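[1] Give me coordinates for this.
(one chain, ligands or ions: 1)
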Amino acid sequence: MDPFDEASHAFLAWLRNTGAEVSNKIELKDLRNMQAGRGVVATQDIHEDEVLFRIPRSALLTVDNSILASEIPKATFDHLGPWLSLILVMLYEHVNGNTSNWAPYFNILPSELNTLMFWEADELAELQGSMVLQKIGRASADEQFTRELVPVIREFAGVFFSGDERAQEKAEQMGDAQHLMLMHKMASLIMAYAFDVEPANSSKIADEDGYVSEDEDAALPKGMVPMADMLNADADRNNALLFYEEDFLSMKATVPIKAGNEIFNDYGPLPRSDLLRRYGYVTDNYAQYDVVELSFDLVSALATQHNIFEQARLEYLDEQGVVDTGYDICASDPYTIQESMSPELIVLLETLLLPADEFEHLARKGKLPKPEKMGAKAAEMLLQLVKARTAQYATTLEEDVGSASDVNMEGEESLKERRFAMARAVRIGEKELLRKAELALEQFIRDKNTDSGANKRQAFEEEDRPGKKQRS
Ligand SMILES: C[S@@+](CC[C@H](N)C(=O)[O-])C[C@H]1O[C@@H](n2cnc3c(N)ncnc32)[C@H](O)[C@@H]1O
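    Residues are numbered from 1 along each chain as shown. Here you go, the predicted structure:
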């Protein structure tokens, strides 16, 4: 048997041993020919709400379930926080190799990831212009691992490398580049595979769609959920969802699924840039969530150039929650300025453009201009911003579209080619948004000018009309 399939079989056998139940209507399938690793596919028709598998909470790879939690003081984990604690636990289970309780699970997790953290410099250069480059944070993660994780491993070397007479020496090596890379791998696996695990006795109140608010979500501990993390995702093709029950986590079909169809989880409405950063792949289906960001620095540079950058107004806007590090232009269908342009950015520009007396009047009342009442001047400034943002890319939309070619999907050499193609898809998506914004703003400005022309003409005609009372 192919070692890949062998690992899948060993994993499923291990999973059943943990007490998990897996429906005989699904299979864990080799999707490497589609560059999608493993995936879960229906082998028979599945009906809505049908349980696909149930995983006992005791099989999750979480901080609490790891032996490490009983060997290292709780205060150490509290100090590290949930994110670094899970990285530490994953490292511990990983260095324990075949003696780890999760060894067959680790054997099916990828050893190489395609997420941006692992791209070469020339591959990242293909994303030049996209703000996603600033979100990778490799240097700050290195710093955090060195400052916080390595000292804990050194302090508890005897626990971490239990039974190994070279424990201390091995712990000393954990700060070198090779081991920092291993920490990045664990962190990236968590980013692409882990779930926010609701506790068994959750007091969180979900809304009618079963979601808890973002703040509450952020507080949930992360955990690796074997099998649930074998589901791929493809934007709105999701057809299954994980439900948190007292002793089990159950993956259920949310719609009827036909035999032969892939079972997809929902990774969220991610722009392709973030999908690439966190998951290392893109599909066209995510284009609907694409975003391009206009940095605050770009806005302030333009405002300064126009002599409207005024500190007092900025402070007022900041108090009102309008000042941010950047502003989004997102996709909408059909494209409209209202749906796609950040209302905060419009409010910011309108406020900076107000005559002094009008600004003081609004500020006295603690009010802000209404974004839906954007005028031609603010639209013109927005248009200039969009053009300046477009100029930040080294290539044009036409050049990117023109250079797209069929990508060789097989072989080692094609990895670079595939990464280049994915980066190009991200660039094209962002530039298309900018192009749409540019066209919509130009049209908006034309309409505004015609409107005000018509209004002026109408006013003039009314002034001229016989019997009209003349202004004194
Ligand atoms: C939660 S795991 C899903 C299982 C994964 N396919 C595996 O073999 O381990 C997430 C990873 O699966 C891959 N993936 C998910 N959805 C995909 C899709 N629609 N196309 C290609 N790859 C996908 C990406 O590599 C992503 O980082």
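[2] Return the residues of the stretch 251-400 of the chain in contact with the ligand.
    Residues of the stretch 251-400 of the chain lying close to the ligand (C-beta under 6 Å from any ligand atom) are 279-281, 283. C-beta: built from backbone N, CA, C; applies to glycine.
[3] Just give the closest residue to residue 369, not the sequence neighbours.
    In this structure, residue 369 finds its nearest non-sequential neighbour in residue 350, 3.8 Å apart by C-beta to C-beta, 6 or more residues apart in numbering.
[4] which helices and strands sit right next to the helix or strand containing the one you found?
    Assigned by DSSP states H and E, residue 350 belongs to helix 343-353. Packing partners of helix 343-353 (3 or more C-beta pairs under 8 Å, 6 or more residues apart in numbering; DSSP states H and E): helix 296-305, helix 311-319, strand 326-330, helix 376-390.
[5] List the buried residues of it.
    Under the neighbour-count criterion of 16 or more other C-beta atoms under 10 Å, helix 343-353 has 344-353 buried.
[6] What of stretch 62-72?
    62-66, 68-69, 72.
[7] What is the nearest of the residues you listed to residue 397?
    Distance to residue 397, by C-beta to C-beta, is smallest for residue 62 among the buried residues of stretch 62-72, at 45.3 Å.
[8] so how far is residue 200 from that closest one?
    Separation of residue 62 from residue 200 (C-beta to C-beta, to the nearest Å) stands at 12 Å.
[9] Also residue 304?
    For residue 304, the distance to residue 200 - C-beta to C-beta - is 55 Å.
[10] and residue 85, how many residues sit next to it?
    A total of 25 residues lie near residue 85 under the criterion other C-beta atoms under 10 Å.
[11] Not counting sequence-adjacent ones, nearest residue to the residue in the stretch 151-300 of the chain that the ligand sits nearest to?
    Closest approach between the stretch 151-300 of the chain and the ligand, counting by C-beta to the nearest ligand atom: residue 232, at 3.1 Å. Excluding the flanking residues, the one nearest residue 232 by C-beta to C-beta, 6+ apart is residue 39, at 4.7 Å.
[12] ok so, going back, so which of the helices and strands packed on helix 343-353 gets nearest residue 337?
    It is, among the helices and strands packed on helix 343-353 and with distance given as C-beta to C-beta, helix 376-390, at 8.0 Å.
[13] Identify the single longest helix in the protein, thanks.
    helix 414-464 (DSSP state H).
[14] so does it get close to the ligand?
    No: Helix 414-464 does not reach the ligand (C-beta under 6 Å from any ligand atom); its nearest approach is 10.3 Å.
[15] Against which helices or strands is that helix packed?
    Helix 414-464 packs on helix 121-124, helix 272-279, strand 291-295, strand 326-330, helix 337-340, helix 376-390, helix 397-403, going by 3+ C-beta pairs under 8 Å, 6+ apart.
[16] what mean pLDDT does it have?
    Mean per-residue pLDDT for helix 414-464: 85.
[17] With stretch 248-259 instead?
    Mean pLDDT, computed over stretch 248-259, is 98.
[18] Tell me the helix or strand right after the worst-scoring helix or strand of the chain on mean pLDDT.
    One helix or strand of the chain scores below all others by mean pLDDT, DSSP states H and E: helix 214-218, with a mean of 50. Once the chain leaves helix 214-218, the next helix or strand it forms, by DSSP H and E, is strand 222-223.
[19] show me the contacts for residue 227.
    Taking C-beta atoms under 8 Å, 6 or more residues apart in numbering, we find residue 227 in contact with 15, 20, 22, 28, 40, 53, 55, 251.
[20] From those, pick the one nearest residue 6.
    Top of the list for closeness to residue 6, among the contacts of residue 227 and by C-beta to C-beta, is residue 28 at 12.2 Å.
[21] so the closest one sits in a strand?
    Yes: with DSSP: H, G, I helix; E, B strand; the rest coil as the criterion, residue 28 is part of a strand.
[22] and the stretch 101-250 of the chain, which residues reach the ligand?
    So the stretch 101-250 of the chain meets the ligand at 110, 114, 192-193, 229-230, 232-234 (C-beta under 6 Å from any ligand atom).
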